Every structure is written in C-alpha cells, then in structure tokens.
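*Asks:* build me a model from this:
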Amino acid sequence: MEGVYVAQAGFVFGESLKSDAVIRELNGIACDNLEAFESVLRQVPEKEYFNVTWMVPKSCQDRKARESVVKMQRQWYTFRAWSLDRSTRVWCPRRVEAMTTSEEEPALAATLDDEMDIPLAKRRKKAVETGAMVKVKNSICTVLFRTVQNFDMDLIIDEASMEGDVACLRGVGVIVDIEAGFVITNRSTVPQSLGDIEVTMGEVSMSAYVWFMHPTHSMVILRLIKPADFSRAKVGAAAKFQHRMFESGDKVDFVGLDDAGQCFHSEVTIQSVKLMDFPSHWPVRWTERNLEAVCLVDDPSNAKGGVLCDGDGNVQALYVCASAQGDGEMVDFGYCLPSHTWMPIIEQLCAPESLGTNIVVPSLEIAFGKVELQKLKRLPAKIRPSDEWLQKLRSSGSPSVLKVRGITAKGPCDGLLSEGDLLVALCGEVVTSVERVEAKTRELLAESKQSNGLLEVQLTLLRRGKQHDVTVHVPLLGSDGSTQLLVWHGLVLRQVPRALREFGPVQNGLHIAQTMLGSPAETGGIEGDIIVAVDGHPVPTLDSLIELQQQQPSREAKAGERCHLRIESMSLNGQRYMATLEPDPLFWPMSKLTQDNKGAWSCVEDESK
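*Replies:* Next up, the predicted model:
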C-alpha cells in the first residue's frame, strides 16, 4: 500500500486523523512517499485549510478511504525531516521551510467554497428569528479555540472538549467594530493567547488572535486577521452596547448560541446581582474574582454563551458559560458580566485612536468579600468600627462593607494590608462595592493622564475597629497571559503567571506549564511547579535561562561520557525538589515561542551546538 504512515498525528492532522493511519493524498495529489508528502505540504499557505485522504489499514472493520479537512499550523514547532546517515548511524535533522512566492512550484488549488474558509460540513442552518434576536443575531458569532495538548497552560477541559489529540473550546463572541475587526468573548472560550482561533459568522469564517485579555475579568478582545472579509460577504454588524443596572426580578431578553451553533432567543429573569465567590481550579488556573455578577433564575439550556439585551437590541450584559475543576470533578456554571466591567473597554475600542493606545487596567491586586453592617454592629466594643464610620457606611445605602479576602503576592498591597481588613474609603471617598472601587481607580487614572507606570492611591482601612490610612502604588496591568514560552529539554516554561501569585507567595523562577512525554525532563523525573535554579544558577527569567544555555553550550558527551544538569525546583506549597537531567540536544533542542505585536506566534529553534 502506497502512502505516508502517521506514527503520531500531532496538531495539524490530530483533530481529524488517527495515529497509525496512512495518508494517501493531499488536496488530490498523491503522496506515495515522504518526499512527495513534504513537497505538497510546503505549498500549503499558513492558516489555510486543505484536504487529506487517509485510511487505517489495521482496522478490519474500516479500511475504506476517508477524506478530512485540516488547517495548516506552523507556529507550534519547527518542521523537520530526519534522515539516517548509514555510515555513522546518526539521525540528522533538516528544517522544512514553507514555500516562498518566488519559487516556481504551483500553488495548490483551493478546495473549499469561495465565500468560506471552513468546510461545507460545518455550515449551520438558519434558526427561526424571534424577538430581540432580529436585532442582535448579526452581531453574535461563534468562536472556536484549538490548541495542542503540549501547550495546554490555562485550559479547563474535559473529554468532551478533546477532538483527537487537539483540545477544542467553543463559545460565543460579540462584534464590537466590524471595520477594525474587534470581537469580544470570554476566557472560558479563549483561555490563553497561544492557540488557533477562528471566528464564524453565518457561512464565513476567518482567523483571529488575542488583542487584549483582561487581567481580572473574563473578557477577551479578539482581532480578526482579515476583517474586510465580513464586509465583502455582507455578514456581521457591530453590536449596540448600553449601560444598565439590573435588579432582582427584572425580565430581560437573552440571545445566544446553542451547542449546534444555532442562534436562539428566550426571556430570562434576573435572580440577583451579587459579589460571587468563584470556585478555584486545581491545577491552578486563572479565576474570575471581584465580580458583582448578574445571576439568572434559570440559565438558558444548552447555551454556549450569549448576551442580555432589550427589545431594541442594546447589549446590556455578556453571558459566560464557565467550568471549574477541583478534586477530580468538573463543575459547570453560568453568570453575566455587567456593563460596568466591559463598557470602559468598549468605549476605548470605539475611539478613533484606539489602535495606537494600549489598554491598561488599574488593579489593587486584592480579592474582596463582603461583611454585613449588622454583623459589624454586634462586634465587641474593642474591635467594632467607630460610630462615626458606622454612620458613614450606613449613609452610603449599602447593607455591607468590603472585606479583604486575599492579597496577591508581590502586589501593591502585599505587606501593607492584612486579610480581614475592611476597605471603607478610597482617596477620601467612601466605597462599599467593587464596582465603585474600579470606577474610582479609573477616574484617578484619567485625572493623572498616565498610560503606564504606577498610580498613587490612598486607602482607608478599618483593622480591628481602628482606622489606618495607607498609600499604595497601583500597577497599571496590560493584557494578561503569556506571550513568550521556552521549550527546554521537554519542559514548557514561562514567567510565573498572576494566577499563581494570587494563590500565594511564589519563589522567583520559571513556571513549568507542561512536561512533554518522552522528554529528558520526564525521564529525569523533574517535579514541582517552579524551576528555581540550574546547576546552582538562579533562573528568574526566560532570558536568564537562555543566557545560561548559551554560556554553557552543548556540553555534549566525549567518547561516551555523559553529562547532566542539576535542577532545583519547588511546589506551590513550598516543598523543594532536586533532580538531575541528561540533555538530548539532537532530539530535544531548545526552542522559543513568541507572539509579536500583530498576534502571530512563531517558533525559533536554538541551533547552537
């Protein structure tokens, strides 16, 4: 049987093909050997779909040829072809570059519909249009996020989210600006920047990248790579957004997408607006906090996401379908982001100068809870707030007070505040809600006209009934998430993310996001969550580890001599580990993945010997 045997499917083919399959054709061109297979792959443009004809010869029940559509992705690894030198019996790698436009080989013919970038099988039937759906349906789109398991850093996934060897998440986006190509979605759908992202509106699909990821709320701004395609196809329209304060019992329209990608409408009832305590994840992942969420009496069944809006189609809240994993159990829940969390971002995106302006979010790096005023009044006199402060808080109209529930390690309040403190005023203004704290810091930022650096803020606290005034320098947080990764001896390393510092104090070092199977790191039994030092040298940053590697290039064995690296690591609870690792630079070279300012990821392999 002629064809190319698939030993391991990988990312490009893994979503549709099985390992142990045999690839017969690519885009109708026969692949009788590896040379023909390589030649055809070189002609496929980046991010383009192409057909693959394959079969599983070992299957007695199914030996017929199958045809699938897959997408070219070169961002994950350096494409390499290997050959065995028969004289030295050494395997030699060779880089396989994509074909340039100057080369004479003909480009492959497109096999997909001219108006679409996705297979015909993925088209959806139109749903019956009712109610507010008529006004909103052209602004809601499907968002598909895919990533290979080796680079799963921030995903919360179950078996249903796996398609072959690829993790796939599906959710809903809302078009903010059709010309600039801005789409707003959530971190349950796009949990990290590294991945393949597709936005589909009607029968048109195109690639997108993460333009901004909110550091504290489940909000991600995507930017389409070719937004003009939506305009040419005459699909999609920017949504209309509107501030609204919800109250218990309010009736409101819900418009969203179901599991099949169908748009639907229903009427929902507001149950409450409250400061939610979101479940934590294990392993540690980003978690929503400090959100006074809008909760519904009954969550829409089968919804993958959507919006709350009025009869005129004004979007007033964003509905998020989220999951949390802890103790081996997956918990699914839904909630709504109120308008005050995302309207400042929307307003900045719609400003003419938005493309040249970095979005920043001032954050105290505190997790808040609430305590009822009535409970404070019943405290013993020694630790009860003064009558003056009780009167000020009562006059604010809120029945509760903000309580410090957690402090981010190495944040602006670390060492200045304590858990259990009551935050009662910010720069002299009484505050009793997270919404007001966020609004006040934004006002101070606008007054200071700063776009980077630190914002000076005065906090008034009550600690055991006594007033304390503290001045903190609030950082202006940019887009969250990792934009650089280092694959080093099979360890996928990154700078320590904020989610770990929110969990507790973390030693300086590099976070182990993943350990690749069969790598020197797995063989050496590297444990823990943070790499602290290599051969006694601290490695606080990715650059420090790269520099260390370059200073000690290729301590390859001489005449059978073996070399090892001493790795010091630690877990999040402070337990320390020591292990040795035997490098294998031939099969496990160091590579760096970087996202540029246009959202594109690239992989550069260290070829120094």
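*Asks:* burial count for the closest residue to Arg66 other than its chain neighbours?
*Replies:* With sequence-adjacent residues excluded and distances taken as Cβ to Cβ, 6 or more residues apart in numbering, Arg66 is closest to Trp54, at 5.7 Å. Every C-beta, even on glycine, is put in place using the N, C-alpha and C of the backbone. Per other Cβ atoms under 10 Å, the neighbour tally for Trp54 reads 23.
*Asks:* residue ranges of the helices in the stretch 501-609 of the chain, please?
*Replies:* 520-523, 542-551 (DSSP state H, counting those that start in this stretch).
*Asks:* make that the chain, sorry
*Replies:* Along the chain, counting by DSSP state H, helices occupy 10-14, 34-43, 133-136, 228-232, 339-350, 373-377, 387-395, 434-448, 498-503, 520-523, 542-551.
*Asks:* which helices and strands does the second one pack with?
*Replies:* If I follow you right, that is helix 34-43. strand 22-26, strand 29-30 (3 or more Cβ pairs under 8 Å, 6 or more residues apart in numbering; DSSP states H and E).
*Asks:* tell me the strands beside the last one, with direction?
*Replies:* Based on DSSP bridges, the strands next to strand 29-30 in the sheet, each with its direction, are strand 22-26 (antiparallel).
*Asks:* who touches the partner strand?
*Replies:* Identification of contacts with strand 22-26 by Cβ atoms under 8 Å, 6 or more residues apart in numbering yields 1-6, 13, 17, 30-31, 37, 40-41, 44, 50-57, 65, 108.
*Asks:* go on, stretch 572-584?
*Replies:* By Cβ under 8 Å, 6+ apart, the residues outside stretch 572-584 that reach it are 284, 489, 500, 503-504, 506, 520-521, 523-530, 532, 555, 562-571.
*Asks:* where does the stretch 51-200 of the chain dip in pLDDT?
*Replies:* The stretch 51-200 of the chain contains residues with pLDDT under 70 at 59-63, 100-131.
*Asks:* should've said the stretch 251-400 of the chain
*Replies:* Scanning the stretch 251-400 of the chain with the threshold set as pLDDT under 70 gives 326-328, 352-357.
*Asks:* what about stretch 156-165, start to end distance?
*Replies:* End-to-end distance of stretch 156-165: 16 Å, with Cα to Cα, to the nearest Å as the criterion.
*Asks:* how about residues contacting that stretch?
*Replies:* 8-11, 14-19, 148-149, 155, 167-169, 188, 191, 281, 285, 323-325, 330.
*Asks:* report the buried residues of it.
*Replies:* For stretch 156-165, burial by neighbour count (16 or more other Cβ atoms under 10 Å) applies to 156-157, 164-165.
*Asks:* and the two most separated of those?
*Replies:* Greatest spatial distance among the buried residues of stretch 156-165 (Cβ to Cβ): Ile156 and Gly164, at 19.2 Å.
*Asks:* if we can go back for a sec, please identify which of the helices and strands packed on helix 34-43 is closest to Leu349.
*Replies:* strand 22-26 (40.0 Å).
*Asks:* what mean pLDDT does that closest one get?
*Replies:* The average pLDDT within strand 22-26 is 91.
*Asks:* just the CA atoms of it, as PDB, please.
*Replies:* Presented in PDB, the C-alpha positions along strand 22-26 are these (Å, rounded to 0.1, in the frame of the first residue of the first chain):
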ATOM      1  CA  VAL A  22      -1.900   6.100   6.200                       C
ATOM      2  CA  ILE A  23      -2.100   9.400   4.200                       C
ATOM      3  CA  ARG A  24      -2.800   8.700   0.600                       C
ATOM      4  CA  GLU A  25      -3.400  12.200  -0.900                       C
ATOM      5  CA  LEU A  26      -3.200  15.900   0.000                       C
END
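*Asks:* which of the helices of the chain sits closest to Ile184?
*Replies:* Across the helices of the chain, Ile184 has its closest neighbour in helix 339-350 (6.8 Å, Cβ to Cβ).
*Asks:* dump the C-alpha coordinates for stretch 468-481 into CSV.
*Replies:* The C-alpha coordinates for stretch 468-481 follow below in CSV (Å, rounded to 0.1, in the frame of the first residue of the first chain):
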residue,chain,number,x,y,z
HIS,A,468,-5.5,53.0,59.1
ASP,A,469,-4.6,55.2,56.1
VAL,A,470,-2.3,53.5,53.6
THR,A,471,-0.8,54.9,50.4
VAL,A,472,-0.2,52.2,47.7
HIS,A,473,1.2,52.5,44.2
VAL,A,474,-1.3,50.7,42.0
PRO,A,475,0.1,49.0,38.9
LEU,A,476,-1.5,49.5,35.5
LEU,A,477,-2.0,46.0,34.2
GLY,A,478,-1.9,45.4,30.5
SER,A,479,-3.1,42.3,28.6
ASP,A,480,-2.9,39.2,30.6
GLY,A,481,-1.4,35.8,29.6
